[in-house]
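Enquirer: please find the sequence and the predicted model below.
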Amino acid sequence: MGTESVKCTACGAELQTTSTDLPFKVRQTAIVILKDLPVLQCVNCPQYLLPDNVLRPLLKKPHLL
Ligand SMILES: [Zn+2]
């Protein structure tokens, strides 16, 4: 585990690893809320990134959403 420092694509500030609840749209009329999802949150603005290792399993298993 290293301390990777990733920069915000919007403002260039540091991103910090945190966990949050995120809504995902699964159908035209339906969303699911994923709880305690690890994300990289900008310390300076509302921008955030989903790390690849979080996003990829979700995309592979859309039926779970
Ligand atoms: Zn930012």
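Expert: Great, that's in hand.

Enquirer: once you drop chain neighbours, what's closest to the residue nearest the centre of the chain?
Expert: Note on the chain: the residue nearest the mean C-alpha position is residue 50, at 2.8 Å, using CA atoms, centre = their mean. Spatial nearest neighbour of residue 50, excluding adjacent residues (CB to CB, 6 or more residues apart in numbering): residue 39 at 5.7 Å. Where you see a C-beta, it was placed from the backbone N, CA and C, and this is true even at glycine.

Enquirer: what helix or strand is the one you found on?
Expert: strand 30-42 (DSSP states H and E).

Enquirer: partners of that strand, with directions?
Expert: Sheet pairing of strand 30-42 (DSSP bridges) gives strand 15-27 (antiparallel), strand 48-49 (antiparallel).

Enquirer: distance check, the residue lying farthest from the centre of the chain against residue 58.
Expert: Relative to the centre of the chain, the most outlying C-alpha is that of residue 29, 21.6 Å out, by CA atoms, centre = their mean. From residue 29 across to residue 58, the span is 20 Å (CB to CB, to the nearest Å).

Enquirer: what's the answer for residue 16, then?
Expert: According to CB to CB, residue 16 and residue 58 sit 21 Å apart.

Enquirer: how about the strand holding residue 39 against the ion, any contact?
Expert: Yes: residues of strand 30-42 contacting the ion under CB under 5 Å from the ion: residue 42.

Enquirer: so what touches that strand?
Expert: Residues outside strand 30-42 that contact it (CB atoms under 8 Å, 6 or more residues apart in numbering): 6, 8, 10-11, 13-26, 48-51, 54, 58, 65.

Enquirer: in the sheet, who's paired with residue 38?
Expert: Beta bridges link residue 38 to residue 19 when assigned by DSSP bridges.

Enquirer: count of residues packed around it?
Expert: Using other CB atoms under 10 Å, residue 38 has 13 neighbouring residues.

Enquirer: tell me the confidence at it?
Expert: Model confidence at residue 38, given as pLDDT, is 91.
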